[in-house]
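Predicted coordinates and the sequence they were generated for:
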Amino acid sequence: MADVKDLEGLVLRGEMTITEFACAKVDASIERMKERNPDMLWTMEIQKFMWDGFRDAHKNGKKLVFYGGSVPTELIAAFDCVGFYLDTIPFRLSTNPTLTAKYIDEAEKYVGASMCGLDKVELGAWLSGAYGMQPDLFIYNSVPCDSSRVAYPAMEKIIGCPTFSFDMPFRRDERGAEYLADQMEDLVAFMEEHTGHKLDWDKLKYFMENANRNFDLQRQCADLRKNKPCPLPGRLLVLNGTTNAVACYPIMGDLYQAELEAGQMMVDLGMGVCEDEKYRIAMLQNMIWGNASIMDWMQKEYNAVAVMDAFGFQGDIMYEHMDDRRDCFKTMGRKMQNNPMIHGASGPSENHIKLVEHIFEQYDPNVSMFLGHVGCKHTWASAKMVTDMVQDKFGIPTLYVDLDAIDGRYKSGDEIKAQIAEYFETVVMK
Amino acid sequence: MNYQKLFDSDISNAAAKAWRSEGKKALGVICCHVPEELFYAAGVLPVRLRATNCVDSSEAETWMSSFSCSFAKSILQYWLDGTYELDGLVASDGCMMASRIYDNAKYINEKGDGSKFIMQIGAPRLSNSRTVPFYKEELKDLIAGLEKLTGNKITDEKLKAAVAKQNEARALIKQVNALRRAEHPVINGTDMLKLMLASTNMPIDTYIELLKAFLADVPNRAPITEARARIMIIGSALDNPEYLKVIEDKGGLIVADALCFGERGYGDPLEIDEADVLGSIAKYYLERLVCPRMMDKHTELHDYIIQSVRQAKVDGIIYQRMQNCECWGGENVLLEQKLKDAGIPLLTVEREEQMANAGQLSIRAEAFIEMIEKED
């Protein structure tokens, strides 16, 4: 297996696409894990499913659908297409600073430096010709933020394939659900036109049932985190973000099932991920993809585990009436509004406040952290309201750390750790 | 009639105070997708919020952080420090920053005495047969809110009268704007922006009278003959005429713009469909080209910019983008190449609400003007 630096070199020279690079990296991680930590292989299997699926879509005779923001993956799957969630590119590349920097720099030839790093990587990689594939369709949403609202329409024009865009209302009520259900009908018409197939309701039902199973398992995993000590590591919270991409496939349920079994075993043994759990952290934003090892470090160094975050946490929105088309489409819309990053960050701030309040009520944290991605300007603009509520209602001060979730040049992992360490030593442990 | 008030761009509470002293309400408006016609139909004075001359937004920064656009932060600053004395504000979710002004103002109001009327309406980011009816429903909510606040019923007749009044202002502004197309205009870009900003300081009737007085005086105004280059300015919300003055002081005469406080702020006339008055207003506000927040209007906006360059015989475009304004911040992805293809020179500059970089702007503007000025 080639060294990751060699692989990066191939990508930089245009001899390997970023999709092939991601597949090779996942394969290498699996090989390493087989040797060092075979019990955790389930955490990588989902990555392999995703990346191999993207790479091989056309080889397998499937249409490839790029998508951005929250879109109904159940419908994409029901039309037998492979959905490629564009945010998975910056997630995956975030641990490869050279490549990330290259694509960010490419994008910044055109866009302001303050644009979100995720969108810059997606855009810059496309402008660099690094995807190595042409999608058949593109679907995007007007969420989560102003950066994506600029990046996706620009990519639509550059990619030049048939495109469908959603307009996401800020309101989470019946009018908002009806509005999205109408747009779901438009998407079905778009998919029927461009795939040449009519919507097969039984197929859709299969994927909706998968989604129900997966979110039920996710909820059970989340419930396990209420135990003291917390049986599951903070690092796994980051994986919840993956649900956007594979929420309706059985493999997502397999992951949660494995997570649930591992967590339940820990509970049964009376064990936690920390040897002697002292601190339970609520993460008010949690987008440290380039530095996820910080979660492990906090567990080891301070016996502090992230019990829940306001990024990946989701409510219990389930499909209830599988044969009622309108009801299913409204539920799809509500699920889209409840996706990670959309639910709290992109709607009115009071959604974020309620979400965090719920986390504090349910998970009993005694440490509050806002590790805020600088590209999420709108989340930063809500932060005081959220943290004031935490202080007023739960008496807990919040640590603010600005970081770039994608671009390590903004602040290194060591700098982030130093800020967290100082907080633990001067505030939390005092 | 003395029309000098048109060129006083400082924020003034005088009109709102006078309006409120008659027992009527005055509300702040954020930003381009809140139709002012609805306010006038309810007897409410709409005051589009801006942040002209704000030099310290530190109080607002504690709420919105240093990562927010400084225009938005400065508006919140003025809201908090009492620069605006209004009965409340109405925002649309124009961009995330506009939404956060609303969110913070609402939160602070609820923590305080709760006396302000604070409301947000949703403005879709696409304009089509699905989104216009949705937006119309949002406008119905606004009507209900205004009716409750004032006790005044908003009828179709009142809406039509308000539209007619706004259309009158639109037509007059079009005439003023046409003056800029002349070889030797009688109004420069700095004064044009002041004239546009003045609309936020007074009721529409007063504004119309002043515009008429200005237009009547056009024959007496001296043409500007000294310009080295004709400039179009595009980009983020710009409410500081001093910014344009720096460019014009270097010989760049600003003869066209694509600014939301500029000529696009009023736009074309709103045509009423008698069968659906509110629907006409909804359609107009979603379709007009005023901000790149609309995801399906980028091509139209670019075409408009190029068309304006041709019509106003522009030598080059200055594209100013506010730090942390993503709506305008990403426009170059497609626009830059289009302008290159059309042979239109472009200067891109970063900006903050506070005029901290006037020296740098001056140097860059001068270099750009030197590059594009035509020798006679």
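Done, it's in. Keep in mind that what you see is a predicted model, and the values were worked out from it rather than measured.

would you list every one of the helices in the stretch 51-200 of chain A?
A:73-78, A:88-93, A:97-107, A:117-127, A:146-159, A:174-195 (DSSP state H, counting those that start in this stretch).

With the stretch 201-350 of chain A instead?
Using DSSP H, counting those that start in this stretch, helices in the stretch 201-350 of chain A cover A:201-224, A:235-239, A:243-246, A:250-268, A:293-302, A:325-337, A:349-363.

Remind me what the fourth one packs against, helices and strands.
With contacts defined as 3 or more Cβ pairs under 8 Å, 6 or more residues apart in numbering or on different chains; DSSP states H and E, the packing partners of helix A:250-268 are helix A:42-56, helix A:201-224. To be clear about C-beta, it is placed using only N, CA and C from the backbone, and glycine gets the same treatment.

now swap in the last one and tell me
The elements that helix A:349-363 packs onto, with contact taken as 3+ Cβ pairs under 8 Å, 6+ apart, are strand A:279-286, strand A:304-309, helix A:377-394, helix B:96-111.

Put together TSV for the ones you listed, with mean neighbour count, mean pLDDT and distance to residue A:264 on each row.
Below are those laid out as TSV (neighbours: other Cβ atoms under 10 Å in any protein chain shown; pLDDT from 0 to 100; distance: least, Cβ to Cβ, whole Å):
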stretch	mean neighbour count	mean pLDDT	distance to residue A:264
strand A:279-286	26	92	19
strand A:304-309	28	96	16
helix A:377-394	21	96	28
helix B:96-111	23	96	40
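
Which residues of the stretch 101-250 of chain A lie near chain B?
Within the stretch 101-250 of chain A, the positions near chain B by Cβ under 8 Å from any Cβ of the partner chain are A:110-112, A:114-116, A:123, A:142, A:145-147, A:149-154, A:157-158, A:165, A:167, A:169-171, A:175, A:179, A:182-183, A:186.

Filter those residues down to the buried ones and express that as a PyMOL selection.
Buried members of those can be picked out in PyMOL with the line below, counting by 16 or more other Cβ atoms under 10 Å in any protein chain shown:
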select buried, chain A and resi 110+111+112+114+115+116+123+142+145+146+147+149+150+151+152+153+154+165+167+169+170+171+179+182+183
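
tell me which element residue B:47 is part of?
Using DSSP states H and E, residue B:47 falls within strand B:45-48.

list the buried ones in the following helix or strand past that strand?
The C-terminal neighbour of strand B:45-48 among helices and strands, as given by DSSP H and E, is helix B:58-64. By neighbour count with 16+ other Cβ under 10 Å, helix B:58-64 contains the buried residues B:60, B:61, B:63, B:64.

sorry, back to before: quick one, which of the helices and strands packed on helix A:349-363 is nearest to residue A:197?
Closest approach to residue A:197 among the helices and strands packed on helix A:349-363 (Cβ to Cβ): helix B:96-111, 37.2 Å.

Next, see if the helix or strand that comes right after the closest one gets close to chain A.
As assigned by DSSP H and E, the chain's next helix or strand after helix B:96-111 is strand B:117-121. Yes - legend: contact between strand B:117-121 and chain A by Cβ under 8 Å from any Cβ is shown at residue B:120.

got the CA coordinates for strand B:117-121 in PDB?
The C-alpha trace of strand B:117-121 is given here as PDB (Å, rounded to 0.1, in the frame of the first residue of the first chain):
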ATOM      1  CA  PHE B 117     -42.600  44.600  17.600                       C
ATOM      2  CA  ILE B 118     -40.100  42.200  16.100                       C
ATOM      3  CA  MET B 119     -41.000  40.000  13.200                       C
ATOM      4  CA  GLN B 120     -39.400  37.900  10.500                       C
ATOM      5  CA  ILE B 121     -40.900  36.800   7.200                       C
END
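
Could you list the low-confidence segments of the stretch 251-400 of chain A?
A:312-315 (pLDDT under 70).

Around chain B, pick out the residues from it.
So far as Cβ under 8 Å from any Cβ goes, the stretch 251-400 of chain A lies against chain B at A:346, A:348-350, A:372, A:374, A:377-378, A:380-385.

contacting residues around residue 266?
In the absence of a named chain, chain A is used. The neighbours of residue A:266, taking Cβ atoms under 8 Å, 6 or more residues apart in numbering or on different chains as the test, are A:231, A:232, A:272, A:273.

that's the wrong chain, I wanted chain B
Neighbours of residue B:266 in contact, by Cβ under 8 Å, 6+ apart: B:166, B:169, B:170, B:173, B:174, B:196, B:199.

In PyMOL, how would I select just the buried ones from these?
In PyMOL, this line selects whichever of the contacts of residue B:266 come out buried by 16+ other Cβ under 10 Å:
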select buried, chain B and resi 166+169+170+173+196+199
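
The nearest residue in space to residue B:236 that is not next to it in sequence: neighbour count?
Distances taken as Cβ to Cβ, 6 or more residues apart in numbering or on different chains put residue B:322 closest to residue B:236, at 3.7 Å, once the chain neighbours are dropped. Neighbour count for residue B:322, taken as other Cβ atoms under 10 Å in any protein chain shown: 24.

quick one: secondary structure of residue B:126?
The three-state assignment at residue B:126 reads coil, by DSSP: H, G, I helix; E, B strand; the rest coil.

Quick one, grab the pLDDT at the closest residue to it other than its chain neighbours.
Nearest non-adjacent residue to residue B:126, counting by Cβ to Cβ, 6+ apart: residue A:167, 4.6 Å away. On pLDDT, residue A:167 comes in at 97.

for residue A:167, what are its contacts?
Applying Cβ under 8 Å, 6+ apart to residue A:167 gives the contacts A:142, A:179, A:183, B:124, B:125, B:126, B:130, B:131, B:134, B:295.

On the pLDDT front, check the second one for me.
What the model reports as pLDDT for residue A:179 is 98.

For the residue lying closest to residue A:117 once chain neighbours are set aside, list the residues it contacts.
Leaving aside its sequence neighbours, residue A:117 sits nearest to residue A:406 (Cβ to Cβ, 6+ apart; 3.4 Å). Contacts for residue A:406 (Cβ under 8 Å, 6+ apart) come out as A:90, A:93-94, A:100, A:104, A:117-118, A:120-121, A:289-290, A:373, A:375.

of those, closest to chain B?
In terms of Cβ to the nearest Cβ, no member of the contacts of residue A:406 lies closer to chain B than residue A:375, at 8.5 Å.

related to what we said a few turns ago, so which elements touch the strand holding residue B:47?
In terms of contact count using 3+ Cβ pairs under 8 Å, 6+ apart, strand B:45-48 is assigned the packing partners helix B:14-21, strand B:26-30, helix B:36-41.

Quickly note the distance from residue A:173 to residue B:351.
Distance from residue A:173 to residue B:351, counting by Cβ to Cβ, to the nearest Å: 38 Å.

err, residue A:78, not the other one
To residue B:351, residue A:78 is 47 Å away according to Cβ to Cβ.

Contacts for the worst-scoring helix or strand of chain B on mean pLDDT next, please.
The least trusted helix or strand in chain B, going by mean pLDDT, DSSP states H and E, turns out to be helix B:326-329, with a mean of 91. With Cβ under 8 Å, 6+ apart as the contact definition, helix B:326-329 has outside contacts at A:111-112, A:114-116, A:145-147, A:149-150, A:377, B:95-96, B:235-236, B:291-293, B:321-322.

If you count neighbours, what's buried in the next helix or strand after it?
Next along the chain after helix B:326-329, taking DSSP H and E as the criterion, comes helix B:332-341. Of all the residues in helix B:332-341, those buried under the rule 16+ other Cβ under 10 Å are B:332, B:333, B:334, B:335, B:339.

Wait, the third one touches residue B:303, no?
Right, residue B:334. No - if you go by Cβ atoms under 8 Å, residue B:334 and residue B:303 don't touch, sitting 11.4 Å apart.
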